Structures are given as structure tokens and as C-alpha cells.
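**Q** sequence plus the predicted model coming up.
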Amino acid sequence: MDQILIKTETDSPAPLLAAPAIPDYLLNTYHWAYINPTNVSWLDRDLIVWAILWGNSGRLMSAAFSEIKPGENVLQAAYVYGDFSHRLAHHVGPDGKLDVIDILPIQVNNCRARLEDLPQASVRLADAMNPGGGPYDSVCCYFLLHEMPHEKRTDVIRGLLERVAPGGKAIFVDYHKPAPLHPLKGIMNLIWRKFEPFAIDLMETEIETIVPDVKNFNWTKETYFGGLYQKVVARRT
Ligand SMILES: C[S@@+](CC[C@H](N)C(=O)[O-])C[C@H]1O[C@@H](n2cnc3c(N)ncnc32)[C@H](O)[C@@H]1O
């Protein structure tokens, strides 16, 4: 993959780091949500996340965190708007470690500002398909997979599973195909078609089947809110 060099803000003299190239799906489909600084500043709020998830943000966060024990070494595969990272850092506690990555410098800076009072948390620039670090007790991938094309999704799942320690787990929370008579099915289909086009093929795919060649994981799935959301856990044996 092409690499560009950028300067990042750190406590020590700013080094030049190799940054991952920004993928087309972020530049073309999600620029408004994650790159446009004005939009980022008003979207990065708990109330917005709560509304986007139809009031389920607390429940889905708890579902993800229930898989993670205090004291664990945890990778968060991308920044999440609102207080997700702050709450996860509190959840792992002072004896744990939270390593958050994101592919966009603006989101890395956002996340750093939210976590600056929590020494167990650190934030760095990386592509989730090649996250580095670890091995981790838990890898948490929250509403990331639906935002990317299938090929990239495959690489990201593979890259994240590679960082899971023996006995550890990867947790994927994301959209799921709702029940046939779900009252929000029509509006969600319109939203996905207009704003989140890569979500549509995630609806038709079991996450477990995306990397059939990756062995040594036991997979489980739970759905929530009439099937509109899912939590898939891959435990490394
Ligand atoms: C976790 S997803 C969506 C989360 C959810 N919609 C929310 O409330 O924020 C959004 C983040 O994923 C990041 N992202 C997208 N592709 C990525 C990748 N390949 N590697 C790391 N971060 C990525 C974006 O920069 C953005 O900050």
C-alpha cells in the first residue's frame, strides 16, 4: 500500500511517522462524517450516537464491554464518537491497557483529547487491517465493518484476528439484517443505500464466514433490537 509521511502531535519532539494512506471509502463516502472538521465537531457527541443507534448505544456498548475483563490489554480498532473510548478505558481500569487506533489524524487527535486524563489509554495512527501491537487479550471492533467494501473488510478482520492472544477474543459489534417485519427496516434500508452503501452486503454475510481460512477461533453471535444489531465474538483456542 502507498505510504505518506505526516507530522503527528506527541509529548516529545514530533517524529515523522509513516501514516497509512486514507482509503477511498473514507474519502468518497464518509468524508462528511469523519474528515470534514466542522461536521466532526458536532457529530462527536453522545446524543448523536444515541440517536443514530435508535437509543441502543448504551446497550450495545455494554454488550461489547461485557466481553472484556478489567486489567486486560485491549485494542480498539477505530475511534467511536461519543464517550465510548473513555468508558472502555475506565472499564479496563488502571491495571489494564487500552490501545486505540484510527486511520485518520483528525480522529486520533479527537480521541487523544478525550483520553488525556487516563494513563492506561494510548491512541495511535494505524489501519485496522495492519494494526500492529499486541498480542491483545481483547480486540474490539465497533461499527467499523459496515463502513468498508467487502475486500477491505476481509483484510481488516484478518488483521485484527492476527493480533488476538491465545485464549483471547475479538468482538465485532455492527449492523445486522433486521427481522422481516422490523418497523425500522424500510428507513434503515433508505439510510444504508444513501449514506452507508457498504452496509448492505454486510447484512447478507455472516461475519464468521468472511475469513474461512483463519483457523483456531470459535465464533458466537447474538443479535439485538429485532436483529438490527449483532455482536459476534471470535475466541482464539
Ligand atoms: C468506528 S467507525 C464508526 C463508529 C460509529 N459510527 C461512531 O459512532 O463513531 C468510525 C471510525 O473508523 C475509522 N476508520 C475507518 N476505516 C478504518 C481503518 N481501516 N482503520 C482504522 N480506522 C478506520 C474512521 O476514521 C472513523 O474514525
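**A** Sure, I can see it. Predicted model only: the values in this text are computed from it and were never measured.
**Q** so which elements touch the lengthiest helix in the chain?
**A** For the chain, the helix with the greatest residue count under DSSP state H is helix 150-162. Helix 150-162 is packed against strand 136-142, strand 164-175, with contacts defined by 3 or more CB pairs under 8 Å, 6 or more residues apart in numbering; DSSP states H and E. Heads up, the C-betas are built off the backbone N, CA and C, glycines and all.
**Q** okay, now the sheet partners of the first one, with direction.
**A** Spelled out, it's strand 136-142. Applying DSSP bridges, strand 136-142 is found paired with strand 73-76 (parallel), strand 164-175 (parallel).
**Q** output the set of residues of this protein in proximity to the ligand.
**A** 26, 34, 49, 78-81, 101-104, 107, 127-129, 142-144, 147, 156 (CB under 6 Å from any ligand atom).
**Q** mind listing which of those are in helices?
**A** Using DSSP H, those in helices are 49, 107, 156.
**Q** tell me which residues touch the last one, please.
**A** Applying CB atoms under 8 Å, 6 or more residues apart in numbering, one finds that residue 156 lies in contact with 77, 128-129, 141, 144-145, 148.
**Q** now swap in the second one and tell me
**A** Taking CB under 8 Å, 6+ apart, we find residue 107 in contact with 34, 40, 78-79.
**Q** CSV for those, including pLDDT and neighbour count?
**A** Shown next, in CSV, are those (pLDDT from 0 to 100; neighbours: other CB atoms under 10 Å):
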residue, pLDDT, neighbour count
34, 97, 24
40, 96, 18
78, 98, 25
79, 98, 25
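**Q** out of these, which is nearest to the ligand?
**A** Among these, residue 78 lies closest to the ligand (CB to the nearest ligand atom), at 3.2 Å.
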